[in-house]
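Q: model the structure of this input:
(chains A, B, C and D)
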4 protein chains.
Amino acid sequence: MSSMIGENIKLSIFGESHGVGIGAVIDGLPAGEPIDFDEIAAQMARRAPGRDKTTTARRESDIPEILSGVVDGHTTGTPLCAVIRNSDTHSSDYDDIKRFPRPGHADFSAVARYGGFSDFRGGGHFSGRLTAPMVFAGAICRTILKRRGVTVGAHILDIAGTCDTPFDPVDPGIETLERLSHSAFPVINPEAEAKMRAAIEEARMSCDSVGGIVECAAMGLPSGLGDPIFGGVENRLSAAIFGIPAVKGVEFGNGFAAAHLRGSENNDAFRFEGGKVKTETNNHGGILGGITTGMPIIFRAAFKPTPSIFKEQKTVDLEKKCNAELKIKGRHDPCVAVRAVPVVEALTSFCMLDLMLGGSRYDA
Amino acid sequence: MSSMIGENIKLSIFGESHGVGIGAVIDGLPAGEPIDFDEIAAQMARRAPGRDKTTTARRESDIPEILSGVVDGHTTGTPLCAVIRNSDTHSSDYDDIKRFPRPGHADFSAVARYGGFSDFRGGGHFSGRLTAPMVFAGAICRTILKRRGVTVGAHILDIAGTCDTPFDPVDPGIETLERLSHSAFPVINPEAEAKMRAAIEEARMSCDSVGGIVECAAMGLPSGLGDPIFGGVENRLSAAIFGIPAVKGVEFGNGFAAAHLRGSENNDAFRFEGGKVKTETNNHGGILGGITTGMPIIFRAAFKPTPSIFKEQKTVDLEKKCNAELKIKGRHDPCVAVRAVPVVEALTSFCMLDLMLGGSRYDA
Amino acid sequence: MSSMIGENIKLSIFGESHGVGIGAVIDGLPAGEPIDFDEIAAQMARRAPGRDKTTTARRESDIPEILSGVVDGHTTGTPLCAVIRNSDTHSSDYDDIKRFPRPGHADFSAVARYGGFSDFRGGGHFSGRLTAPMVFAGAICRTILKRRGVTVGAHILDIAGTCDTPFDPVDPGIETLERLSHSAFPVINPEAEAKMRAAIEEARMSCDSVGGIVECAAMGLPSGLGDPIFGGVENRLSAAIFGIPAVKGVEFGNGFAAAHLRGSENNDAFRFEGGKVKTETNNHGGILGGITTGMPIIFRAAFKPTPSIFKEQKTVDLEKKCNAELKIKGRHDPCVAVRAVPVVEALTSFCMLDLMLGGSRYDA
Amino acid sequence: MSSMIGENIKLSIFGESHGVGIGAVIDGLPAGEPIDFDEIAAQMARRAPGRDKTTTARRESDIPEILSGVVDGHTTGTPLCAVIRNSDTHSSDYDDIKRFPRPGHADFSAVARYGGFSDFRGGGHFSGRLTAPMVFAGAICRTILKRRGVTVGAHILDIAGTCDTPFDPVDPGIETLERLSHSAFPVINPEAEAKMRAAIEEARMSCDSVGGIVECAAMGLPSGLGDPIFGGVENRLSAAIFGIPAVKGVEFGNGFAAAHLRGSENNDAFRFEGGKVKTETNNHGGILGGITTGMPIIFRAAFKPTPSIFKEQKTVDLEKKCNAELKIKGRHDPCVAVRAVPVVEALTSFCMLDLMLGGSRYDA
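A: Okay, the predicted model is just below:
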């Protein structure tokens, strides 16, 4: 199935970039949870395009209409559906996509998959716009997690080689996560922002784009959540995070760097601290054997550079069956990693709530 | 659920390292597929420990007994169950695990998850031994894929910083994949083996361990397989690969390196070649929008250093609720990445077959 | 999960009777299938209330708006979401439901399940109104099935003991199914309608309600669809059909009557007929071992009498925690079985398409 | 998928009647639950054939070997796999099945489904023998339910028209359920047994078979379990119960009889009783809107007469493609309903535990 994820709660995403609307169905939410409409608006605004030069000029109101699952500002426990109507679409910009697939986009694979019947306007169901309902769903989950003492936050760790200070994996700081998760350009080191913006602007001026790395943390999860083998926290989170367009790598704790460490360097020593078992370091990103240890969850997602660039590119003409050249028009972010931060947080919030709801099952 | 994966075929893994036996159930296999028992034996042997100094001294016969799903050497189409009985177990080596959790292992999180009731002997259900039924299942899938023109192979790209030649992502070479997938120490550059073995031996001599990176390729898949958003090839493969103990990162195509590239460098230009659409480069690892492009699938998995080291380590005494020291006994690989290669290939073969079976559905 | 079904295609239902709207997401539809908007309108009209005295006086426009998954009148292959907005709601009629649960309704069990947070207006997510998106989804599936030679139709077999002619299980007749599936009061024997209407009217006049039995047939399915044990046609169809409010029994072929037959009477003899294997009788309703035989699928669903009656009834006051009396107001069908016919057909069409899409998988 | 069921715990059944062995994997069991090996043996014995003239003469030891998921007599919480080896198989009895499909059996549909590759010996994966691992799994669940105050029991309500006293739906009696669930021929009215045995014997003497109805009850479930629409108790139980070979109908509470009642007769009045909400009657079998009411769960399953009869029957010769005659040899129950009672109880126990584990989720 294309667009569904979750075990104890299910998130289903529908819609196409230039169709009537996009949205989400969340099934399995606990009943009686208050909805924080300000939080939803704040998170939607973080993801929304058109704020400044780092992002596309497309303006979207992006106000989700909740159709079901909420009464008197609280979840009913039955499926919550929300719809965001599309507007400000310039479909003519995309007329040729089906014939001349854009390099780095899903246009060609979509032709192969759906035989030319999928919606190509603006990337259709493959568009980055489909992350809007993810952010909506994440905002709902975030509020529910907050009442259970769990905080999720992420920052731009790296854009084109310009780096922010990484999280302290042992204690990323709840206030830091709170601040990042309400920031438009979330970085830990305030000096990183100007340099990163400069790198993005430089790429934009040369009709090109840049990639980046987002680092995410979740604090407050109890130990003992998750399942072994294919049901681990890494398995579930990566299956969700790769659902964000442009993600090409996911790593937990030390991740790829662990390949160059010795066991004596990478192992996290257990210690009692304030009567609770902690680890002195957190090289495993809060996960051992797929199960939470009670330490912060730490992971990173690599975003490729935006495939929509304004330089001329080589492609094929699927109609005439010959090689062709292509120059992309339209409005596009020169770096998707910035607006991806709230999306990473959103899917992480969803996964953390999914884990929390499943975990209590075994105490019965 | 702990131990189940797949959409069109389901793989379910059961067992504990020092229990009666371990095994797999594969449900949804096509009927009438010949079983290649030599291939199964060959793949099981590649994963089996006790071959040389790079691996643990534990000897296992590891001969899976097929209980169901096969008649006259062909799949019946109904669930195939195979069991591998445990033998040569030294459970006394593990008596203290429940009380003194080993750093880097799942012992502590298992206590949190199962309240002290899980099987701690040899890591129980979290043991690397559970990869044996994965290799069995992969060998079945590999033969079925071969009949459909798909080849899967992997190599040790990096051990402790000592690197093999990476795959040519545009054409890893079917013969190369075939050779690697039947090699005990699979490397592309024959000179890499000695250096890697030396690095492992050095770690072993200092009572320590090393990590590594495995690179995997799959050739022959048609374009148009996979589903958008959460159903993409990256989502499904990563959800499987993180099921191998010690994996802490997964990346596709350029992966994390893409974060430092420009769009003009990372985009893969489409070209007609012999009447078929190809890409000049394959920076996306054969996947665009979660869907196969017809180019080789390329990904890498990062393995942390074996957590079982023979140096003294800090831990806790969960009984007396105080800090403690621990010295691990038993038999352990100083580097899991070597024996992990056939496991990576196995789960990849499973996922590729799962994709193949799902893909044809939409042609109906 | 509450509201999701299907294996190869997934149907997800959301919404509450008196909320903003109700709808369906269908994920996994084949791409390029033409949408027959007239068929959708015709089926929605059959289910819609307010047509005559046998049904509730509530008038609903019930025009589903397709938000996604359809471009240029064809399915895209990505999730199809449709929404029906609620209107003509008299929520004040339901003010007391939460406090005084209605006998035979889900009000009390919903309090137990959702702690008083579910939407009680008009039955909320448990309302018969939620069958509207089912009918919509069924109309989509029906058109796709038609192109593959499969026809689904149902009739009112029995209302309060007044019976229609049952299907000939060996050959219900494609024309008959076509006619029934576009009839407002679907019966095989035209004389049955007047008698049934009289029985319903009699109940209505005495402030009471009646139950009924719907019989459904599907013709044109190839043999070999479905899976053994829990994946059989009976398992899947019953799991869907019990999703229609008021269904309390489902039987296939001879069903409960088979309990009173001998094997020699109930077995269906195989015979070659026109070069194809058929059975002389069809006591098994086209299903053996959970798998289709190629004979027509035949099943019956029992509907209880509408629980909303206008007689005074005994209930409890959940606020004061004492016994109470209740007199239901509002508008209600005296017999749900009539409007249930298109719903039974719809879910059957969904299940038949789900089977068809799965079946081809094993030919690969 | 063929052979998997459950939401919060998953039951997977594998094996063929005359293969190496059959078995079950149960994933998601709570950890630390004591295993009652006597209960397992007792339940296996009830289902085992060869006890007397009402059942087949085949003798099976049917001792399941637990391979995983249990340590020191308690569940570990990781997948529990048990295997029952086949013995006493007379495969030559079945040589012709593939060519001459037996009426009323899955032989023909299996050829259509698996292209002649499935295991035909003794019905293979479709055999009634596959209910043995179901009974094993049910015995595990039964013990876990008992600790949570839930009791499941069933009886033979009807064989060939000879009836037992039905359950009092308001209170079937815990002692009665306990007694029935450990009886070899479970009836409420002791006089029914002799008459039923006579009816079975009469059929056997005339080389024929008879059908029957099993009625099942579950007491002690709290209100508020289950999910709306497709996730209701009826949906889940029927999806499981139709997994028992020969079941052709399932009804809850009044079931099909409700179709002939008026709403005023069928509605269950709510009343406070001992401070708890009860219903005066239990026509709904303890389920409203798919959710438990706290009243006993009551349902009935209709079993067709054993298709294996010793009279000559008409069939086809699939090799020569012509009509043929068939006389079944081997050993077969003249009535499957007797041995089916523990199987109905087993799957009901599984479903009730699945519901219990899911239900607590929403209290978090």
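Q: and the one helix or strand A:Arg271 maps to, what's buried?
A: According to DSSP states H and E, A:Arg271 maps onto strand A:270-273. Residues of strand A:270-273 classed as buried: A:270-272 (neighbour count, 16 or more other C-beta atoms under 10 Å in any protein chain shown). In this view, the C-beta of every residue, glycine as well, is placed from N, C-alpha and C.
Q: repeat that for stretch A:192-206.
A: A:192-193, A:195-197, A:199-200, A:203-204.
Q: check stretch A:20-33 too.
A: For stretch A:20-33, using 16+ other C-beta under 10 Å, the buried residues are A:20-31, A:33.
Q: quick one: the residue lying closest to A:Gly289 once chain neighbours are set aside from chain C, how far?
A: Distances taken as C-beta to C-beta, 6 or more residues apart in numbering or on different chains place B:Ala106 nearest to A:Gly289, at 2.4 Å, with adjacent residues excluded. Remark: distance between B:Ala106 and chain C (C-beta to the nearest C-beta, to the nearest Å) = 29 Å.
Q: so which residue of the stretch 101-250 of chain A comes closest to chain D?
A: A:Pro228 (6.3 Å; C-beta to the nearest C-beta).
Q: parallel or antiparallel, list what pairs with the strand holding A:Arg271.
A: Paired with strand A:270-273 in the same sheet, following DSSP bridges, are strand A:276-279 (antiparallel).
Q: what about the partner strand, average pLDDT?
A: Here strand A:276-279 scores 96 as its mean pLDDT.
Q: number of nearby residues for A:Ala337?
A: Using other C-beta atoms under 10 Å in any protein chain shown, A:Ala337 is surrounded by 30 other residues.
Q: in stretch A:180-191, which residues are buried?
A: Those buried within stretch A:180-191 under the rule 16+ other C-beta under 10 Å are A:180-181, A:183-188.
Q: distance from the centroid: which residue in chain A tops it?
A: A:Lys320 (37.8 Å; C-alpha atoms, centre = their mean).
Q: quick one, phi psi at that one?
A: phi -80, psi -10 (degrees, to the nearest 10).
Q: how about A:His125: what's its closest non-neighbour residue?
A: C:Thr78 (3.8 Å).
Q: what average pLDDT does stretch A:102-111 get?
A: 95.
Q: just the terminal-to-terminal distance for that stretch.
A: One end of stretch A:102-111 to the other measures 12 Å (C-alpha to C-alpha, to the nearest Å).
Q: secondary structure class for the residue lying closest to A:Met4 once chain neighbours are set aside?
A: Closest residue in space to A:Met4, ignoring its immediate chain neighbours: A:Ser12 at 4.6 Å, by C-beta to C-beta, 6+ apart. Using DSSP: H, G, I helix; E, B strand; the rest coil, the structure places A:Ser12 in strand.
Q: residues in contact with A:Ser12?
A: Taking C-beta atoms under 8 Å, 6 or more residues apart in numbering or on different chains as the criterion, A:Ser12 is in contact with A:3-4, A:24-27, C:12, C:25, C:27, C:79.
Q: just A:Ala31 next, same as before
A: Applying C-beta under 8 Å, 6+ apart, the residues contacting A:Ala31 are A:74-77, C:113-115, C:117-118, D:362.
Q: do A:Ala160 as well
A: A:196, A:199-200, A:203, A:210-212, A:335, B:259-260, B:262.
Q: how about the stretch 251-364 of chain A: which residue is closest to chain B?
A: A:Gly289 (2.4 Å).
Q: okay, now that residue: neighbour count?
A: 27.
Q: can you redo the buried residues of stretch A:20-33 as TSV with pLDDT and secondary structure?
A: Conversion of the buried residues of stretch A:20-33 to TSV gives the following (pLDDT from 0 to 100; DSSP: H, G, I helix; E, B strand; the rest coil):
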residue	pLDDT	secondary structure
A:Val20	96	coil
A:Gly21	96	strand
A:Ile22	97	strand
A:Gly23	98	strand
A:Ala24	98	strand
A:Val25	97	strand
A:Ile26	97	strand
A:Asp27	96	strand
A:Gly28	94	coil
A:Leu29	95	coil
A:Pro30	94	coil
A:Ala31	95	coil
A:Glu33	96	coil
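Q: TSV for those residues, including distance to B:Gly330?
A: Converted to TSV, those look like this (distance: C-beta to C-beta, whole Å):
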residue	distance to B:Gly330
A:Val20	62
A:Gly21	59
A:Ile22	54
A:Gly23	53
A:Ala24	48
A:Val25	49
A:Ile26	46
A:Asp27	46
A:Gly28	42
A:Leu29	45
A:Pro30	44
A:Ala31	49
A:Glu33	47
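Q: and the residues you listed, which is closest to chain D?
A: A:Pro30 (5.3 Å).
Q: for the closest one, what are phi and psi?
A: According to degrees, to the nearest 10, A:Pro30 has phi -60, psi 150.
Q: ok, residues contacting stretch A:256-265?
A: Contacts for stretch A:256-265 (C-beta under 8 Å, 6+ apart): A:254, A:266, A:283, B:104, B:158-161, B:203, B:208-213, B:248-249, B:251, B:256, B:302-309, B:311, B:313, B:337.
Q: ends of that stretch, what's the gap?
A: 14 Å.
Q: need the mean per-residue confidence for that stretch.
A: 97.
Q: and if you look at stretch A:192-205?
A: 96.
Q: how about it and chain B, touching?
A: Yes - using C-beta under 8 Å from any C-beta of the partner chain, we find that stretch A:192-205 touches chain B at A:Ala203.
Q: got the contact list for that stretch?
A: A:53-54, A:156, A:159-165, A:185, A:187, A:209-210, A:305, A:334-335, A:338, B:262-263.
Q: these in helices, which ones?
A: Counting by DSSP state H, the part of the contacts of stretch A:192-205 found in helices is A:338, B:263.
Q: of the contacts of stretch A:192-205, grab the buried ones for ChimeraX.
A: Selection of buried members from the contacts of stretch A:192-205 for ChimeraX, criterion 16+ other C-beta under 10 Å:
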select /A:54,156,159,160,162,163,164,185,187,209,210,305,334,335,338 /B:262,263
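Q: in strands only, show me the contacts of stretch A:192-205.
A: A:156, A:159, A:162-163 (DSSP state E).
Q: from these, which is closest to A:Val343?
A: Ranked by distance to A:Val343 (C-beta to C-beta), the ones in strands among the contacts of stretch A:192-205 are led by A:Ile156 at 12.5 Å.
Q: what's across from the closest one in the sheet?
A: Beta-bridge partners of A:Ile156, as defined by DSSP bridges: A:Val214.
Q: how far away is it from A:Gly255?
A: For A:Ile156, the distance to A:Gly255 equals 17 Å [C-beta to C-beta, to the nearest Å].
Q: A:Thr78 now?
A: A:Thr78 is 39 Å from A:Gly255, by C-beta to C-beta.
Q: more crowded one of those two?
A: A:Thr78 (34 against 24).
Q: return the set of residues that bridge with the residue nearest to A:Met4.
A: With DSSP bridges as the rule, A:Ser12 is bridged to A:Met4, A:Val25.
Q: residues near the residue of the stretch 101-250 of chain A found nearest chain B, how many?
A: Closest approach between the stretch 101-250 of chain A and chain B, counting by C-beta to the nearest C-beta: A:Ala106, at 2.4 Å. Per other C-beta under 10 Å, the neighbour tally for A:Ala106 reads 28.
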